[in-house]
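Asks: Need a 3D model of the sequence below.
(chains A, B and C)
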Amino acid sequence: MEQQADTTNFAMWLFLLTEIMFFGGLFTAYLIYRNWYYPAFVAASHQLNIFWGTLNTLLLISSSFTMAMGVWCAETRKRNGLVLCLILTFILGLGFLGIKTIEYSEKIEKHHVPGFHYSLNSFLNPDSDEAAKAAGDKPLPLDMARHTEVYFSLYFAMTGMHALHMIIGISILGYMIFRARAGAYTTGHVTFVENFGLYWHFVDIVWIFLFPLLYLISRHANP
Amino acid sequence: MSHISPVLWQFLVKWMTDFSLFPPEASKIAPQMDALYFFMVLVSVIGLTIVILLVTTFSILYNKERHPIAVQVEGSTLLEATWTIIPLGLFLIMFVWGALIYFRVYNPPANSMNIYVVGKQWMWKAEHPGGQHEIDALHVPTGRAIQLTLISQDVFHSFSIPAFRVKREAIPGRYTTVWFEPTVPGTYHLFCTQYCGTEHSHMIGEVVVLTPKDYQKWLDESTSGMSLAQDGERLFASLSCAACHNTRPDARGPSLANVYGAKLALTSGGTVLADNAYLREAILNPSQHVTQGYAPIMPTYQGQVSEEGVIALVEYIKNLNSDYRVQQTTNTTDLLPEGEGKAVPAVTVPAKPGMVKQ
Amino acid sequence: MNYLSKENGILSWLLTGDHKRIAMLYLASITFFFFIGGALAGLIRLELLTPQADLMATDTYNKVFTMHGIIMIFFFLVPSVPATIGNFLIPMMVGAKDLALPKINLLSWYLYMAAGILALYTMMTGGVDTGWTFTTPLSTHYVNTNVLTTGLAVFIAGFSSIFTGLNFIVTIHKMRCPGMTWFKLPLFVWSNYAASILMVLGTPVLAITIVLIALERTIGIGVFDPAKGGDPVLFQHLFWFYSHPAVYIMILPGMGVISEVISNFSRKRVFGYTAVAFSSVAIAIFGFFVWAHHMFIMGISNYSVIVFSLLTMLVAVPSAIKIFNWTFTLYKGSITFETPMLYAFGFMGLFTIGGMTGVFLGTTGTDIHLTETYFIVAHFHFVMVGGMLMAFLSGVHFWWPKMTGRMYPEKISQLAAVVTFIGFNFTFFPQFILGTLGMPRRYASYPPEFQVLNVFSTAGASILGVGYLLPILYLTWSLKYGAIAGNNPWQATGLEWQTQSPPLTENFAVTPIMDHEAYDYDWLEGQKAKEVASVG
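Replies: Just a heads-up that it's a prediction; the model follows:
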């Protein structure tokens, strides 16, 4: 029914608004602490692997593209096309999470996880650390180095929340692939796919904000 | 009297003799705040009376028996405007009046005597500049502006003296201040009013207001010998602060003589007033507060100094108007890590680059 | 045949999509939690009879007032009118068959129950003693009690609230019947719409704040920890950014009830309909900009204090407007004093006092002395209990015949309303004086000179308890023995009253067409005349 489609669409937009408020708290904390502890944020940001981060961004943007294609397939009743697009989106999403796992394990190895033997070594002696050396970082004074823990607290909170939303999305995608194969979305009832598409695009946009804020603080091309 | 049970009798007697609606007014700001309070009570009572009168009158006049047919009245823009503008006007009067009082309470006058208060679970520790320490008590003289500089060692607490009408949160990590001028000698309640755990209700004490003569007597009786500044001087030496903060031409840190109250130019570009909060921050988070002309090499003392220690250091620096004694300590001990034993000039150089005096 | 008799069996209730059945499920659950919260309040007042902390250990007392606050706010007040009366009536008031998202509605109830059970579990396994405000660093580093499970319970309850609000907004936007323009909606719908905006936009911030506390407690991130460079005052900002709009979430639906009740029992359209409608939305919008008035003495900058105080004055004005509009609705009306109207009058007096004392607190000068004392406790109980709870009872009585098909017994319910009003004033008015005298809140023991007023307050609480017990008894009684109510025992104008009591599962046999204004008593007379003519 058209009224129902319209209604659930409106509801999904409203739900995304609540998600914006949800992430908003984290972004507020980030803005405040970056303003106070800028040198710590610079040094800590340089610890993130920009290759993985960029690759992840490309994967997510592509997955938004495949998702949008999927919605088009549903609307034009192309069952096989829809299934293919959903599977591609699923794989790209999994790829994102896989890379995130690699990044997280790097952080664990280097003791950059707040609360678990957090180490200030990379910030006090940047020459001993590949990433810091490559970025040309100077050693931080001890009190500023301590504040890098705040950066990583926010890093894990923000990317963790984002990853949680990705996991939920991928699970729903899995369910949708089964239903799509049975033809559930290509007989005129496209609302579910459309609304899920909105959700997926939202998760993508959150990452588009996270990437520059977390990865790209004061990065310069090396002379 | 035998008919009234003893319990009830006690109750009535207590009520008759002990009853009050206000705490005693024992500070200069108290009557001012009470005046605003009375105004607000008056406005509230008048407002409430108007509403009650209208509701009662309408209920009687337009009771169904008396007025069986209702007359539909859509509204009246004039009335809407009236009861929007008049309350708004009254609220704005209260806002301005209240804001003036608020500014008065939290902007201490320049000549106020400063007492440090450290809150911790579950006691208040007050430290007078002369070195007198009190727990769960505060002795103050009448007729003088007293500033309290508060900090917490653990969770949020709130230092409240109802008789003075002042209250201020004690926060971990940051100084907060409030001031008052006591007017009536006596003993008054001191409460912690921010829930802080198990013994929150027992984090109470006494504020004892004395005449200036009695206050001086009390000071003399309870001094421990060392003033806060003297304690601070010892810490200053034991932490080797003078290794950098001295008056040698190649000194790595600015001289701290007369730094309190000065406007400093920072390397980050701004200027900052060197008050209590700044001095504390400079000791605990120095790399964000580097004076212009100096390198950011000062190590942090977070974890090496307690809040009382920081208070002692701040007091010491506040009272430092010459580097003479600093010179003495550097003369007698070899503090330079390089250990080159350079000759030290005996004469202090008062002004250093980077310190902008008002 | 009605929504109650249509299907039987427990599964038909537990798996229902019918907004009316879900409303009744909520009514039962929130009543249950109200009595638990009330019992905890009783314990508090008993302890405070004597100056010493002699009834229970201070740790226990701290847990009692914490749980009292959490249960009353999250498990009673926030869902009270929206989830029960709102769920039942909003679809009917807009002329729809059900809410926009019935399955989400049922999910809301299950989330609420899961959260509630978790909260009870917390209580039984040691409780939590941080105060409902979870202040850091106390809640993150200094207590060993069940902060995480309580936080999780509040988090889940928050989502229940978000989904209810979301459902209402979508329904009101998309499911109005033909002819139902925005300005023909009953004011109850406007109030719930405003409250739903707050629910949807504010609650997620509470959710993320709880997540941050959980992370800080478990893995030790230092977002609020000064030792790691964090700022505990940041927690205060994030917490109050939700918790201030939360109080408007709690009161706005109650104000909607009052509009309906006063209109009906004076047989008049609410005076200044547009002003009342817009003032609801104004409260919602301004309510987002005043949160730091809970933080005036916390060391935030003097200038931000001034800004927040000014905005607080602005948000007080729409509430004053409503009180006057309701008063003038009585003008030239035809007034009767059934129970819902008695509760509404009680609301008007008590909410006026509560609202004015809010201005005492929004004025920075007086706030210094009054904050963190019993004045605050008195203020919020006046608006929440004297205001909101009375509005809730008013609404339950007003719509009881519609929801159950039975009338409640009028005499005893009027008595209960009066008893409640008297008990309430005895309980909470002395607390204003206690606060002015300086007695701090959350104290298990206090200086002996405060005892007299505390004894008054406890005595009042026992009277208040009777006042709340009576409705439980006679409303339950009325389910079986109450007089059968017709479609419209009050001769009210809303769409919900133009159909049978209890309603059909699909609410209306034929989709209504809204061809008259809201509160159109002349139209109602016309309808009655038509009915008589068709029979006669």
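
Asks: mind listing what's buried in the host helix or strand of residue B:264?
Replies: Residue B:264 belongs to strand B:263-265 when elements are defined using DSSP states H and E. By neighbour count, with 16 or more other Cβ atoms under 10 Å in any protein chain shown as the criterion, the buried positions of strand B:263-265 are B:264-265. From N, CA and C alone the C-beta is placed, and that goes for glycine too.

Asks: again with stretch C:274-283
Replies: Residues of stretch C:274-283 classed as buried: C:275-277, C:279-283 (neighbour count, 16+ other Cβ under 10 Å).

Asks: swap in stretch B:271-286?
Replies: Across stretch B:271-286, burial judged by 16+ other Cβ under 10 Å covers B:272, B:274-286.

Asks: Stretch C:110-125 now?
Replies: Taking 16+ other Cβ under 10 Å as the neighbour-count basis, stretch C:110-125 is seen to contain the buried residues C:111-116, C:118-120, C:122-123.

Asks: got these as JSON lines, with distance to chain A columns?
Replies: Formatted as JSON lines, the buried residues of stretch C:110-125 follow (distance: Cβ to the nearest Cβ, whole Å):
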{"residue": "C:111", "distance to chain A": "14"}
{"residue": "C:112", "distance to chain A": "17"}
{"residue": "C:113", "distance to chain A": "21"}
{"residue": "C:114", "distance to chain A": "18"}
{"residue": "C:115", "distance to chain A": "17"}
{"residue": "C:116", "distance to chain A": "22"}
{"residue": "C:118", "distance to chain A": "20"}
{"residue": "C:119", "distance to chain A": "22"}
{"residue": "C:120", "distance to chain A": "27"}
{"residue": "C:122", "distance to chain A": "24"}
{"residue": "C:123", "distance to chain A": "28"}
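
Asks: ranges for the strands of chain B?
Replies: Listed from the start of the chain, chain B has strands (DSSP state E) covering B:113-120, B:123-127, B:133-135, B:137-141, B:146-152, B:157-161, B:166-170, B:176-180, B:186-192, B:205-210, B:263-265, B:271-273, B:355-356.

Asks: how many other residues sit next to the residue of the stretch 201-350 of chain C found nearest chain A?
Replies: Ranked by Cβ to the nearest Cβ, the top residue of the stretch 201-350 of chain C for proximity to chain A is residue C:220, at 2.6 Å. Burial of residue C:220, expressed as a neighbour count using other Cβ atoms under 10 Å in any protein chain shown, amounts to 18.

Asks: Residue C:462 too?
Replies: With neighbours defined by other Cβ under 10 Å, the count for residue C:462 comes to 14.

Asks: can you check the one 4 residues further on too?
Replies: Using other Cβ under 10 Å, residue C:466 is surrounded by 12 other residues.

Asks: and residue C:407, how many neighbours?
Replies: Around residue C:407 there are 18 residues (other Cβ under 10 Å).

Asks: which residue sits closest to residue 47, ignoring its sequence neighbours?
Replies: Reading this off chain A. Residue nearest to residue A:47 in three dimensions, not counting chain neighbours: residue A:131, with 5.1 Å by Cβ to Cβ, 6 or more residues apart in numbering or on different chains.

Asks: let's do chain C instead
Replies: Closest to residue C:47 by Cβ to Cβ, 6+ apart is residue C:55, at 4.3 Å.
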